[in-house]
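Asks: predicted coordinates and the sequence they were generated for:
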Amino acid sequence: MIIDRPMDRDKLLDSYIKITGLNFARGHRAIFNGANLNIPRGKVTAIMGPSGIGKTTLLRLIGGQIKPDSGEILLNGRDVTKFKRRELFDARKKIGMLFQSGALFTDLSVYENVAFPLRAHTKLPEDMIRDIVLMKLHAVGLRGARDLMPSELSGGMTRRVALARTIALDPELILYDEPFAGQDPIAMGVLVQLIRLLNDALGLTSVLVSHDITESLSICDHAIIIADGQVIGEGAPSELRKSESPLVKQFLNGLPDGPVPFHFPATNYRTDLLG
Amino acid sequence: MVDFFIKVGRSGLEYSSALGRSGLFLFHSVFGLMLNLKGLRLLVHQLYKVGVLSLVIIVVSGLFIGMVLALQGYSILVDYGSEQAVGQMVALTLVRELGPVVAALLFAGRAGSALTAEIGLMKATEQLSSMEMMGVDPLKRVIAPRLWAGFITMPILAAIFSAVGVFGGLLVGVDWLGVYEGSFWANMQSSVDFKEDVLNGMIKSIVFGVVCSWIAVFQGYDSEPTSEGISIATTKTVVYSSLSVLGLDFLLTAVMFG
Amino acid sequence: MYQRSIEITVGVFMLLGFIALSFLALQVSGLSMDSQKDTYKIYAQFDDLGGLSVRGRVSLAGVTIGRVSAISLDKEVYSALVEMEIFQDVDSLSADSVASIQTAGLLGEKYVSLSVGGDEEVLVDGDTIFDTQSALNLEKIIGAFASGDISL
Ligand SMILES: Nc1ncnc2c1ncn2[C@@H]1O[C@H](COP(=O)(O)OP(=O)(O)OP(=O)(O)O)[C@@H](O)[C@H]1O
Ligand SMILES: [Mg+2]
């Protein structure tokens, strides 16, 4: 049904995720209206945009956790929005998602958290699970923290453990929601390298949501800027930097005033204050 | 006026949609119990948290209620010279009514509220979402073992409550007030029937167990993912469970003993 | 190790539940394994049951030897027919035994009390006791007392 024109097929081959005409509203507020975007296969794609614009929401839509009001979300050529519960759970085994809050299971130790997806989806013997868990924890620099409980971790450590858990099953697609928030410069550098390495060594597709424009642009192959429920700029980092669009310029340079509002929609400040 | 009807209509719709959601939810989770070693482990763990940890409050309350029943019963019966019927009174009251009902109320307050808060917090901290995104169904992994643990625990707690209560009655009636032990038991045994009284009491507690656990896990799962939402959900669990238990008890009593 | 101790306590918990239920069944409701064992039926006719009911105790010298299993009205002689199940091992009740309805305490439950006679012959399944004493009817006594038939 989707691949009826040869031109589309060509495009489809190199895009892992293809979203067309996405509409989604929370209450009366439209988060997306008619957004279209492509996420190329085997590349690192950064999604950037002002806070509260719906980046996390976009990741949830891709993961099928919430359904859009209308529009298609093709994941590997199959429409996520039309999946049955069963298919959705199967599809998710190939997706890793790093939550903004980490979302570790608070009743399990760091070790057990990372082992969780392995135990749930594989029948590996215990010593192999142990090897994999320690490898993944080592990659994020927390092999020594394996026996701690999530409540004993700092915010940045929590996120790194969550990252180890996300990559435990070597998924095809990893969605990172703010992986750099709360990391010191050293950990940040390691994470940047890790994301790049995972992507290239395992041939994954990575989607990275971040506010950190410099970091994001430095590691991504493809960047998408969203604002106002639309994609306002898309392309390789170098192309975006050269972009003439005032919206893109404002965002990349971090200017408070411009076409993209810094403020959440509100009534006039003056009238609000004066009652 | 029109506003009023719109309001009533809307809240009616909201209630029936919540009921529908909770029904579907119950269906998915009841049949979602994993019947393998891992599922059993999870179930045992929840039996510990829901059942074993409620044991102390059940035993202590059962003992005191049995003792109070014996004391009150004695002071009434002694006027008619039939104080040996105190065993019968204590046993019938416990087995038919107080055992299942009070155990269920204590269960709702002790285990039900804890279940709601735990699940609500797991939702608020995105643990349920992240589980979903890992391709693990939280209904199977988190909800089903808790629900079944509640189903299994409730009749056990009610039986323990009644048994300990009878023992409390024995302590006060026989050891303290001096009712002759032989007639204490004989009176009890000739008036309490296994099928009519004990089994019907067990059936009551099974019904209460299903209702209380269902309410507790659903309120947690359906809670607003904020600290206020969780506190509202916990309160709802205790209030709804208590009201349902008392209402259902009346219905069941009317059907069984009426 | 942690998991193991949880498993053990849960096992103990289930066992406690089972013990509690057995206690309720055996000690509280008097469901005894031997009440399932064989019994034989004997009958007795009374003029007035005075509140005796099914499941009431049948005792001999204060020991429970059976229970009342059915009560019906004998339409020919207008008296109550009580069917009793007596434990099989109590097999030497003489044929001239006397059955009386007694009250435990002043207002307690009614039960059937048997007292044996000297006859060589014993009661067997289906026999009827003819020598009976009806319940002591408190209202009748009070009535008689009030009308002066009895004086202290
Ligand atoms: N459960 C919800 N109910 C109602 N509105 C919500 C809900 N979750 C998010 N929103 C709204 O949707 C909008 C998008 O939220 P989202 O979390 O996707 O933002 P974001 O782009 O990830 O922001 P940030 O960069 O700060 O994480 C927000 O403005 C928020 O108000
Ligand atoms: Mg976000």
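Replies: Looks like it arrived, so ask away. In this text, all values refer to a predicted model and were calculated from it rather than measured experimentally. Ligands and ions are numbered 1, 2, ... in the order given.
Asks: next one: A:Arg270 from A:Phe264, what distance?
Replies: Distance from A:Arg270 to A:Phe264, counting by CB to CB, to the nearest Å: 17 Å. Bear in mind the C-beta positions are built from the backbone N, C-alpha and C, glycine included.
Asks: what of B:Lys195?
Replies: 66 Å.
Asks: same question for B:Ile6.
Replies: 30 Å.
Asks: can you give me the strands in the chain?
Replies: Reading this off chain A. Taking DSSP state E as the test, the strands found in chain A are A:15-26, A:29-40, A:44-48, A:70-75, A:78-79, A:95-98, A:173-177, A:205-209, A:222-227, A:230-235.
Asks: please name the residues that touch C:Val81.
Replies: No, residue C:81 isn't Val; it's Leu. Contacts here follow CB atoms under 8 Å, 6 or more residues apart in numbering or on different chains; on that basis C:Leu81 touches C:43-45, C:71-74.
Asks: of these, grab the buried ones for PyMOL.
Replies: Restricted to buried positions by 16 or more other CB atoms under 10 Å in any protein chain shown, the PyMOL selection for the contacts of C:Leu81 reads:
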select buried, chain C and resi 43+44+45
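Asks: report the contact partners of A:Ala35.
Replies: Going by CB under 8 Å, 6+ apart, A:Ala35 touches A:19, A:21-22, A:71, A:226, A:229-231.
Asks: what is the nearest of the residues you listed to ligand 1?
Replies: Within those, the smallest distance to ligand 1 is 8.2 Å, found for A:Ile226 (CB to the nearest ligand atom).
Asks: tell me how far the closest one lies from A:Asn23.
Replies: Here the distance between A:Ile226 and A:Asn23 works out to 14 Å (CB to CB).
Asks: got it, and A:Thr56?
Replies: In this view, A:Thr56 and A:Asn23 are 17 Å apart by CB to CB.
Asks: what of B:Gly150?
Replies: Computed with CB to CB, the distance linking B:Gly150 and A:Asn23 is 41 Å.
Asks: residue ranges with poor pLDDT in the chain?
Replies: Here I'm looking at chain A. Scanning chain A for pLDDT under 70 picks out the ranges A:1-13, A:255-263, A:275.
Asks: that's the other chain; I wanted chain C
Replies: Judged against pLDDT under 70, the low-scoring parts of chain C cover residues C:1, C:32-37, C:105-108, C:149-152.
Asks: residue closest to the middle of it?
Replies: The centroid of chain C falls nearest to C:Arg57 when counting by CA atoms, centre = their mean (1.4 Å).
Asks: and it, backbone torsions?
Replies: Dihedral angles of C:Arg57 (phi, psi; degrees, to the nearest 10) stand at phi -80, psi 150.
Asks: hey, what's the residue nearest to it when sequence neighbours are not counted bridged with?
Replies: In this structure, C:Arg57 finds its nearest non-sequential neighbour in C:Tyr111, 4.1 Å apart by CB to CB, 6 or more residues apart in numbering or on different chains. Counting by DSSP bridges, C:Tyr111 is bridged to C:Gln102.
Asks: against B:Tyr74, how distant is C:Tyr111?
Replies: In this view, C:Tyr111 and B:Tyr74 are 22 Å apart by CB to CB.
Asks: at the contact with chain B, which residues of chain C appear?
Replies: Within chain C, the positions near chain B by CB under 8 Å from any CB of the partner chain are C:3, C:6-7, C:9-10, C:13-14, C:16-17, C:19-21, C:23-25, C:27-31, C:55-57, C:64, C:67, C:104-109, C:111.
Asks: thanks a lot, catch you later.
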